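J.: sequence? don't have it. structure:
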Ligand code: SAH
């Protein structure tokens with residue numbers, strides 16, 4: 001038994017009177033403001049939350065530095081133990097097995113709250129498991145996580161990127177760690193297409209798996225089309241569009257490193273494309289001024305709102321890029337547009353698209369709402385996990 005679960009090593013928290021709703025809703029984030037008193041060892045990584053009558057309400061990972069004081073993993077009398085965590089990891093990986101096959105060998109196998117494992121994300125890229133640990137509780141039970149990975153997946157390498165900003169707050173190391181053999185780079189196949197993944201130098205965990213199904217959609221829409229892929233990063237949407245029979249593809253990204261990566265990915269799949277290192281906001285203006293038109297536009301920018309106070313400014317950014325992208329649509333064209341800002345609601349994003357269409361003077365229909373692929377489940381109790389939202393739009397003129 002891991003010593004952090006010993007009752008004597010746990011923090012004892014008492015819920016403030018009037019905050020009962022917080023726990024009744026089973027939201028896994030219990031904020032400091034909902035807690036009346038704390039007692040127990042200073043170095044505790046696990047805490048139990050009680051009501052005023054000494055009834056246990058929840059147990060989870062305790063963080064003295066974080067506003068999210070307790071990340072609840074169990075509610076009521078359910079016992080939080082090493083076995084429970086190991087079983088949750090096993091079940092989450094089992095649920096991904098049907099998604100992994102000869103044509104797709106990369107998937108998010110653990111998605112934090114969506115798999116009832118707050119603070120833990122694991123992406124499998126062929127023979128590499130990339131692990132993101134966001135809090136001290138998970139860090140202290142890393143051996144359970146590593147055991148489960150070796151039991152269930154047996155990757156060549158486990159790579160702990162240790163680069164989440166939250167780790168600094170929790171005073172955890174930010175040095176990456178590689179356990180296993182060979183370099184922390186590999187080639188994955190996704191729906192039969194090949195991509196290089198380099199978790200040591202890439203963004204996030206190295207390759208955005210959440211867009212897998214939306215990339216397939218792009219492939220199905222690309223035949224005979226001229227395609228513009230804005231914020232192309234690894235060029236993944238462009239590679240899918242090429243596989244779908246696009247006549248011409250333009251990948252645009254502000255990062256030279258990303259564009260080189262996109263070029264290698266197109267090469268790997270025997271497809272050609274144009275590559276532009278440019279600020280997408282300036283580039284769409286140039287394309288519009290030059291009367292360029294496309295049959296499919298993909299717009300997948302980085303999260304413009306990293307904090308709630310930035311939402312308004314972010315909305316202006318999304319409107320601007322979408323407005324110009326809409327001006328580039330040829331009659332009947334399709335557009336895939338996304339926001340991966342957690343603070344931007346679907347409702348607000350839809351309003352932004354409306355405002356962009358209005359100002360662009362284009363007739364646009366919503367064809368489909370888009371979200372992350374099913375290996376990125378969202379807990380019903382923690383809707384904050386649903387960060388990726390998008391629309392398939394159609395120019396109806
Ligand atoms: N569509 C990609 C993910 C995009 S990530 C995929 O399917 O994997 C966001 C990308 O936007 C990054 O590669 C980043 O370099 C790029 N970027 C950020 N700001 C930019 C800007 N102003 N102009 C062009 N690219 C930008």
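T.: Yep, that arrived. Everything numeric here is computed off the predicted structure, so don't read it as measured data.
J.: got a list of what the nearest residue to residue 210 once chain neighbours are set aside touches?
T.: Excluding the flanking residues, the one nearest residue 210 by CB to CB, 6 or more residues apart in numbering is residue 372, at 3.9 Å. All C-beta atoms are positioned from the backbone trio N, CA, C, and that covers glycine. Residues near residue 372 by CB atoms under 8 Å, 6 or more residues apart in numbering: 210-211, 386-388.
J.: again with residue 106
T.: Contacts here follow CB under 8 Å, 6+ apart; on that basis residue 106 touches 123-126, 188-190, 197, 207, 209.
J.: tell me which parts of the protein are close to the ligand?
T.: Neighbours of the ligand within the chain, by CB under 6 Å from any ligand atom: 208, 211, 231-234, 236-237, 253-255, 258, 279-281, 300-302.
J.: Just the buried ones from those, in PyMOL syntax?
T.: Command for PyMOL that selects the buried part of these, burial taken from 16 or more other CB atoms under 10 Å:
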select buried, resi 208+211+231+232+233+234+236+237+253+254+258+280+300+301
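J.: can you tell me which of the residues of the chain next to the ligand are in strands?
T.: With strands taken from DSSP state E, the overlap with the residues of the chain next to the ligand comprises residue 253.
J.: Specify the beta-bridge partners of the closest residue to residue 278 other than its chain neighbours.
T.: Leaving aside its sequence neighbours, residue 278 sits nearest to residue 252 (CB to CB, 6+ apart; 5.8 Å). In this entry, residue 252 is beta-bridged to residue 230, residue 276, by DSSP bridges.
J.: Please report how far the residue nearest to residue 210 lies from residue 208.
T.: 9 Å (CB to CB, to the nearest Å).
J.: Which parts of the stretch 251-397 of the chain are helices?
T.: For the stretch 251-397 of the chain, the helices defined by DSSP state H, counting those that start in this stretch occupy 256-268, 280-289, 311-327, 346-360.
J.: what's around residue 184, how many residues?
T.: Residue neighbour count, defined by other CB atoms under 10 Å, stands at 22 for residue 184.
J.: Next one, pLDDT for the residue nearest to residue 210 please.
T.: pLDDT recorded at residue 372 is 98.
J.: Now do the phi/psi pair for it.
T.: Torsion angles at residue 372 (phi, psi; degrees, to the nearest 10) stand at phi -70, psi 160.
J.: Now the phi/psi pair for the closest residue to residue 386 other than its chain neighbours, please.
T.: In this structure, residue 386 finds its nearest non-sequential neighbour in residue 378, 4.5 Å apart by CB to CB, 6+ apart. Phi and psi for residue 378, reported as degrees, to the nearest 10, are phi -120, psi 130.
J.: residues in contact with residue 378?
T.: Residues near residue 378 by CB under 8 Å, 6+ apart: 113-114, 385-386.
J.: cool, and residue 156?
T.: Residue 156 sits next to 127-128, 180-182, 186 when contact means CB under 8 Å, 6+ apart.
J.: Of the residues you listed, which is the most crowded?
T.: For the contacts of residue 156, counting by other CB under 10 Å, the largest number of neighbours falls to residue 128: 27 neighbours.
J.: returning to what we had before: max pairwise distance over the contacts of residue 372: which two?
T.: 211 and 386 (14.4 Å; CB to CB).
J.: Is it correct that the residue nearest to residue 278 is in contact with residue 231?
T.: Yes: with contacts defined as CB atoms under 8 Å, residue 252 counts as touching residue 231 at a distance of 7.2 Å.
J.: Kindly point out which residues are neighbours of both of these two.
T.: Common contacts of residue 252 and residue 231, defined by CB under 8 Å, 6+ apart, comprise residue 280.
J.: so where's the protein shaky on pLDDT?
T.: For the chain, the stretches flagged by pLDDT under 70 are 1, 202-205.
J.: show me the contacts for the nearest residue to residue 379 once chain neighbours are set aside.
T.: For residue 379, ignoring the flanking residues on the chain, the nearest one in space by CB to CB, 6+ apart is residue 113 at 4.4 Å. Listed by CB under 8 Å, 6+ apart, the contact set of residue 113 reads 28, 378-379, 381-382, 384-385.
J.: How about the contacts made by residue 2?
T.: 82, 140-141, 143-144.
J.: Spatially central, which residue of this protein would that be?
T.: Centroid-nearest residue in the chain: residue 210, 6.2 Å away (criterion: CA atoms, centre = their mean).
J.: and it, how far is that from residue 107?
T.: According to CB to CB, residue 210 stands 11 Å off from residue 107.
J.: Check residue 186 too.
T.: Relative to residue 107, and taking CB to CB, residue 186 is found at 14 Å.
J.: hey, what's the spatially closest residue to residue 13 that is not a sequence neighbour bridged with?
T.: Closest residue to residue 13 apart from its sequence neighbours, by CB to CB, 6+ apart: residue 49 at 4.7 Å. Under DSSP bridges, the beta-bridge partners of residue 49 are residue 13, residue 58.
J.: Can you tell me the number of residues neighbouring residue 335?
T.: Number of residues near residue 335 (other CB under 10 Å) recorded here: 27.
J.: The residue in the stretch 1-150 of the chain positioned nearest to the ligand pairs with what?
T.: Residue of the stretch 1-150 of the chain nearest the ligand, by CB to the nearest ligand atom: residue 106 (12.4 Å). Bridge pairing for residue 106 (DSSP bridges) gives the partners residue 125.
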